[in-house]
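[1] Structure for this input, please:
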Amino acid sequence: MTTAKLMDEAILERLTQETSAAMVERMISLFVMESKKRRDALSDAAHSTAIKIIEDQAHTLKSSAATFGAMSLSADARALEAACQQGQDDTLCLALVAALLSTLDETLGVYQARFNIQ
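    Now for the predicted structure:
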């Protein structure tokens with residue numbers, strides 16, 4: 001996966017033009033913090049096969065990731081949400097959770113490095 005797919009700089013630039021660099025940094029910091037919470041919630045839900053919780057977390061991640069240019073993360077979350085909504089086999093949903101968590105960790109690493117977030 002390329003960094004461009006993990007973080008779309010054009011979207012971040014547009015957000016900066018619409019607000020300010022300082023505001024984008026604050027929003028990205030919140031995005032990273034909330035995404036970590038959602039990662040933990042997804043992981044917990046996967047362990048108990050709580051498909052509705054997985055679907056809800058995927059829905060939220062899909063939207064926030066797209067807002068901040070994390071396009072690969074948004075696409076993975078969209079696929080997971082759709083699988084849950086369509087009543088796909090739990091095994092498929094859990095495999096999609098694993099893929100999403102991997103993309104999420106990689107994405108967070110890129111954003112943390114770019115915005116110097118711990």
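
[2] lowest-pLDDT helix or strand in this protein?
    Ranked by mean pLDDT, DSSP states H and E, the weakest helix or strand in the chain is helix 3-6, scoring a mean of 75.

[3] Tell me how far residue 7 lies from residue 53.
    Distance of residue 7 to residue 53, given as Cβ to Cβ, to the nearest Å: 27 Å. To be clear about C-beta, it is placed using only N, CA and C from the backbone, and glycine gets the same treatment.

[4] which one of those two has more residues nearby?
    residue 7 (22 against 16; other Cβ atoms under 10 Å).

[5] tell me the phi and psi of that one?
    When quoted as degrees, to the nearest 10, the phi and psi of residue 7 stand at phi -150, psi 110.

[6] Can you name the residues that contact it?
    Applying Cβ atoms under 8 Å, 6 or more residues apart in numbering to residue 7 gives the contacts 69-70, 107, 110-111, 114.

[7] if we look at the following helix or strand past the least confident helix or strand of the chain, which residues are touching it?
    Going down the chain from helix 3-6, the next helix or strand is helix 9-18, by DSSP states H and E. For helix 9-18, contacts defined as Cβ under 8 Å, 6+ apart pick out 24, 27-28, 67-69.

[8] same check, this time on stretch 65-79
    With Cβ under 8 Å, 6+ apart, stretch 65-79 has contacts from 1, 5-12, 15, 27-28, 31, 35, 58-59, 61-63, 96, 99-100, 103-104, 107, 111.

[9] how close does residue 19 get to residue 109?
    24 Å.

[10] now residue 41
    19 Å.

[11] these two touch, right, residue 117 and residue 32?
    Yes: counting by Cβ atoms under 8 Å, residue 32 is a contact partner of residue 117 at 5.3 Å.

[12] intersection of neighbour lists for these two?
    residue 111.

[13] in the protein, which spans are helices?
    Secondary structure of the chain, counting by DSSP state H: helices at 3-6, 9-18, 21-47, 51-67, 71-85, 90-115.

[14] Among those, show the one with the smallest mean pLDDT.
    Lowest mean pLDDT of these: helix 3-6, a mean of 75.

[15] Could you count how many residues lie near the nearest residue to residue 62 once chain neighbours are set aside?
    Take residue 62 and drop its neighbours on the chain: the residue closest to it by Cβ to Cβ, 6 or more residues apart in numbering is residue 77, 3.8 Å away. Here the number of neighbours of residue 77 (other Cβ under 10 Å) works out to 27.
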